[in-house]
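**Student:** Sequence and predicted model, in that order:
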Number of protein chains: 2
Amino acid sequence: MTDGKIYRASTTAPVNIAVIKYWGKRDPSLNLPTNSSLSVTLSQSDLRTHTTASCSSSFSTDSLLLNGSPQDVSGGRTQACFRELRSLRATLEHQDQSLPKLALLPLKLVSENNFPTAAGLASSAAGFAALVRAISDLYELPANPTELSKIARQGSGSACRSLFGGYVAWEKGTASDGSDSVAYEVAPASHWPSMRALILVVSAAKKGVSSTTGMQTTVKTSTLFPARAADVVPARMREMSYAIEKRDFETFGRITMRDSNSFHATCLDTYPPIFYMNDVSRAAIRAVEAINEAAGKIVAAYTFDAGPNAVIYYLQESHSVVAGRFQEILGGVEGWREDVPATGGEKVDERTAATLKEGVSRVILTGVGEGPIRVQEHLVDEKGEAVTSS
Amino acid sequence: MTDGKIYRASTTAPVNIAVIKYWGKRDPSLNLPTNSSLSVTLSQSDLRTHTTASCSSSFSTDSLLLNGSPQDVSGGRTQACFRELRSLRATLEHQDQSLPKLALLPLKLVSENNFPTAAGLASSAAGFAALVRAISDLYELPANPTELSKIARQGSGSACRSLFGGYVAWEKGTASDGSDSVAYEVAPASHWPSMRALILVVSAAKKGVSSTTGMQTTVKTSTLFPARAADVVPARMREMSYAIEKRDFETFGRITMRDSNSFHATCLDTYPPIFYMNDVSRAAIRAVEAINEAAGKIVAAYTFDAGPNAVIYYLQESHSVVAGRFQEILGGVEGWREDVPATGGEKVDERTAATLKEGVSRVILTGVGEGPIRVQEHLVDEKGEAVTSS
């Protein structure tokens, strides 16, 4: 019926960095979290996955190429996404017999990241968001982002938040089938467009415990974790949503820092303990504290995912006070696109500066951005072959 | 009445290192804790304070000399100890008019530590225990150690535990006047004499937040701390007491490690966050984990106080498996008194070993020991002058 025709759709999807952290699954196979979380979607100019989903009777099997390397698609998470999307397509095809029968065709997915994968940036969120969105477009599914978020969540929990731009919440939900564990937009990027993020990429000697393994061990062993999931996060979700609504950076920043610390505290309380931050991460915290002290208020807020990299949120109006201060220390590393004159307060103390200088390998300057974007640049050509993005 | 006579009494008192940590005061002025704690008293051969308490009408004012340096005795904590001890003496003098009137005489206290004060070892516990015990002896008070522990606690919380040898609990108590917040012996050193402690002294660039300030901030700001104080520690106190009774090192070690991590987790959850452990401390944790893995059971247990030093508990039977493995890495640093051949398992990985080698400045090998001991060597001579210990 489809005669070897190559069907294609392409999308780009963003990275998101949580300000209220996802850590802990109440259902590991469905990726249902023990607590809600909230993130800022980062600009795709700086960090994005570009994915083409294609299908054809001429393909022999499902496949995924990421940055030129074949990836295993037989894992439960990828299979869950394929299965759910194919099922939605099959329903459409059943309802409208004139539609081409794509649901059963092998899928060829080709993805590229515009950032170094070795940097330890949470690329799986952008990756699964792009995969789900590209296949949804390929299948011409009428699903909205919140519906797709249920599928992306099964690929990688935090991927559900990358289906939206701006400020995004992932509601933990209570249904055992995960039907109400979805992402939604708290506010679009345009509501608070001056949000900036400075990422300090810290060279880690080796990858720590994987987050999937880590969070399971935390749920099982940490005696402090239940309080975080039951009480601490729900209160912060409300306060953070309100801070975003009011564009209140001090509250936004305070909760961001406290929630990052709370998450890493439950990692430390895990047995055996999990450490993601190192002495370089702590130097970044000290530098942010010094910047805020000099400003007399919170103008910068650190947060750390499951690794030593620091993400520092601040507003454009504090660009020289925050990014400028870090450029003063880290001017020599890769990633600065402009000269930012430092203003405001004293220099960061020498020991902190030296630790940062020794441990930070590159910076990424970015800001809040939009959700997935459908693009016409395909990474699979008309003959069904993978091509490299220009 | 006392005619310029010099009255003297001298004692030595030990350091103790908690396996269930004291962190948080419910009453800062009385040093009443938010949770009970439990410690091991360390041998005075390796770590002790030697204090002579003297009083005489020929002295002009209360004074304290520590390692040859005059100390301020006007602070509330020292004053509280002086006041309580004098009050007990005054009662005795009132009951028996034949006793010399010492309660009102100026006190001259001279103290010496047999360990480097710069090492960041909790010396205030030994210091206040020695001070209280020496004055109590000077005043010939009939008070038992538990009664004295109420006084020492007001000098420095953990000092109350240094009035006993062996395995010591400090009951948090519930009375608002602190009358039931006392220390008691869980088991004497002779009950489980094979307990050893290897202390890795880590050179910290600068002293972190003081524990008094730190614990107050934790109580005020940590959202995870209430669960620790209310639920986590009480359960551990029971389990740990039982482990000591049964000489069950695996349980002893597991609780020790978990409770240290729990304490540091609440520090990290404090706002702003408090960090006492650094990358060297974490390397010590990894080395202990590797040693336990090689042994197939818990033979070593780390614990960290309010600083980066590691204290590693183990049993004498594991001396070569634990101390030997560390000597293999740290053979070049000060403090080893013997050659300990390493046995059991693989070497600790190179990166961990390198971090330890770079960051550990000395080791102290010691073990469980006795409580304060009255000694005849006085640090104040018969004329009332301070002398140096031989």
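**Tutor:** Received it, and whenever you're ready, just let me know what you need.
**Student:** need the helices for chain A, in chain order.
**Tutor:** Along chain A, counting by DSSP state H, helices occupy A:76-95, A:123-138, A:145-155, A:211-221, A:225-227, A:233-245, A:249-268, A:279-295, A:319-330, A:350-359.
**Student:** what sits against the residue nearest the centre of chain A?
**Tutor:** Nearest to the mean C-alpha position of chain A, counting by Cα atoms, centre = their mean, stands A:Asn16 at 3.2 Å. With contacts defined as Cβ atoms under 8 Å, 6 or more residues apart in numbering or on different chains, A:Asn16 is in contact with A:Ser39, A:Val40, A:Thr41, A:Leu42, A:Ala122, A:Ala125, A:Ala126, A:Ser158, A:Arg161, A:Ser162, A:Val168. Where you see a C-beta, it was placed from the backbone N, CA and C, and this is true even at glycine.
**Student:** most neighbours, which of these?
**Tutor:** Within the contacts of A:Asn16, A:Ser162 tops the neighbour count with 34 neighbours, counted by other Cβ atoms under 10 Å in any protein chain shown.
**Student:** Up against chain B, what does chain A have?
**Tutor:** Residues of chain A found near chain B (Cβ under 8 Å from any Cβ of the partner chain) are A:205, A:223-224, A:226-228, A:231-232, A:254, A:257-258, A:261-262, A:264-266, A:268-273, A:275, A:278-279, A:282, A:285, A:289, A:351.
**Student:** So which of the helices of chain A is nearest B:Tyr313?
**Tutor:** Closest to B:Tyr313 of the helices of chain A is helix A:249-268 (Cβ to Cβ; 19.6 Å).
**Student:** That closest one vs helix B:249-268, what angle?
**Tutor:** Between helix A:249-268 and helix B:249-268, the angle comes out at 170 degrees (axes from the mean of the first three to the mean of the last three Cα atoms, to 10 degrees).
**Student:** of all of the stretch 51-200 of chain A, which residue lies closest to chain B?
**Tutor:** Proximity of the stretch 51-200 of chain A to chain B (Cβ to the nearest Cβ) peaks at A:Leu200, 16.7 Å away.
**Student:** That residue contacts A:Val363, doesn't it?
**Tutor:** Yes. Counting by Cβ atoms under 8 Å, A:Leu200 touches A:Val363, with 5.9 Å between them.
**Student:** overlap in contacts of those two?
**Tutor:** Between them, A:Leu200 and A:Val363 share these contacting residues under Cβ under 8 Å, 6+ apart: A:Phe326, A:Leu330.
**Student:** Looking at these two now, which is surrounded by more residues?
**Tutor:** A:Leu200 (27 against 22).
**Student:** if I pick the more buried one, what's in contact with it?
**Tutor:** By Cβ under 8 Å, 6+ apart, A:Leu200 lies in contact with A:Ala284, A:Asn309, A:Ala310, A:Val311, A:Ile312, A:Phe326, A:Leu330, A:Leu356, A:Val360, A:Val363.
**Student:** And for A:Ile135?
**Tutor:** Per Cβ under 8 Å, 6+ apart, neighbours of A:Ile135: A:Ala9, A:Ala53, A:Cys81, A:Phe82, A:Leu85, A:Leu107, A:Leu109.
**Student:** Make JSON lines from these and add pLDDT to it.
**Tutor:** Shown next, in JSON lines, are those (pLDDT from 0 to 100):
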{"residue": "A:Ala9", "pLDDT": "98"}
{"residue": "A:Ala53", "pLDDT": "98"}
{"residue": "A:Cys81", "pLDDT": "97"}
{"residue": "A:Phe82", "pLDDT": "98"}
{"residue": "A:Leu85", "pLDDT": "98"}
{"residue": "A:Leu107", "pLDDT": "98"}
{"residue": "A:Leu109", "pLDDT": "98"}
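**Student:** With distance to B:Arg77 as new columns, can the contacts of A:Leu200 be given to me in CSV?
**Tutor:** Listed next are the contacts of A:Leu200 as CSV, based on distance: Cβ to Cβ, whole Å:
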residue, distance to B:Arg77
A:Ala284, 36
A:Asn309, 43
A:Ala310, 39
A:Val311, 43
A:Ile312, 40
A:Phe326, 42
A:Leu330, 44
A:Leu356, 38
A:Val360, 43
A:Val363, 47
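**Student:** What's the ChimeraX syntax to select whichever of those residues are buried?
**Tutor:** Selection of buried members from the contacts of A:Leu200 for ChimeraX, criterion 16 or more other Cβ atoms under 10 Å in any protein chain shown:
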select /A:284,309,310,311,312,326,330,356,360,363
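**Student:** nearest to chain B, of the contacts of A:Leu200?
**Tutor:** Nearest to chain B among the contacts of A:Leu200: A:Ala284, at 11.9 Å, using Cβ to the nearest Cβ.
**Student:** Now do the same contact list for the nearest residue to the closest one once chain neighbours are set aside.
**Tutor:** Leaving aside its sequence neighbours, A:Ala284 sits nearest to A:Ala310 (Cβ to Cβ, 6 or more residues apart in numbering or on different chains; 3.8 Å). A:Ala310 makes contacts with A:Ile199, A:Leu200, A:Val202, A:Ser281, A:Ala284, A:Ile285, A:Tyr302, A:Thr303, A:Phe304, as judged by Cβ under 8 Å, 6+ apart.
**Student:** Most widely separated two among those residues?
**Tutor:** It's A:Ile199 and A:Ile285 that sit farthest apart of those, by Cβ to Cβ, at 14.7 Å.
**Student:** So for the two, which sits in the more crowded spot?
**Tutor:** A direct count of neighbours by other Cβ under 10 Å for A:Ile199 and A:Ile285 places A:Ile199 higher, at 24 against 21.
**Student:** Quick one: residues contacting A:Thr251.
**Tutor:** So A:Thr251 contacts A:Glu239, A:Met240, A:Tyr242, A:Ala243 (Cβ under 8 Å, 6+ apart).
**Student:** how about the residues you listed in CSV, adding pLDDT?
**Tutor:** Listed next are these as CSV, based on pLDDT from 0 to 100:
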residue, pLDDT
A:Glu239, 98
A:Met240, 98
A:Tyr242, 98
A:Ala243, 98
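**Student:** A:Asp137 contacts A:Thr51, doesn't it?
**Tutor:** No. The pair A:Asp137 / A:Thr51 is not scored as a contact, 10.0 Å apart, by Cβ under 8 Å.
**Student:** Apart from its neighbours in sequence, what residue is nearest A:Gly24?
**Tutor:** Leaving aside its sequence neighbours, A:Gly24 sits nearest to A:Thr34 (Cβ to Cβ, 6+ apart; 3.7 Å).
**Student:** burial of that neighbour, as a residue count?
**Tutor:** Neighbour tally, A:Thr34, other Cβ under 10 Å: 20.
**Student:** Would you confirm that it contacts A:Pro234?
**Tutor:** No. Using Cβ under 8 Å, A:Thr34 is not in contact with A:Pro234; the gap is 11.3 Å.
**Student:** Please spell out the ChimeraX selection for the buried subset of the residues of chain A next to chain B.
**Tutor:** In ChimeraX, a selection of the buried entries from these looks like this (16+ other Cβ under 10 Å):
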select /A:223,224,226,227,228,232,254,257,258,261,262,264,265,266,268,269,270,271,272,273,275,278,279,282,285,289
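**Student:** Nearest to A:Val132 among the contacts of A:Thr251?
**Tutor:** Nearest member of the contacts of A:Thr251 to A:Val132, counting by Cβ to Cβ, is A:Met240, at 25.7 Å.
**Student:** Give the burial count for that closest one, as a bare number.
**Tutor:** Counted with other Cβ under 10 Å, residues neighbouring A:Met240 total 25.
**Student:** is it true that it touches A:Leu38?
**Tutor:** Yes. Assessed by Cβ under 8 Å, A:Met240 is found in contact with A:Leu38 at 5.4 Å.
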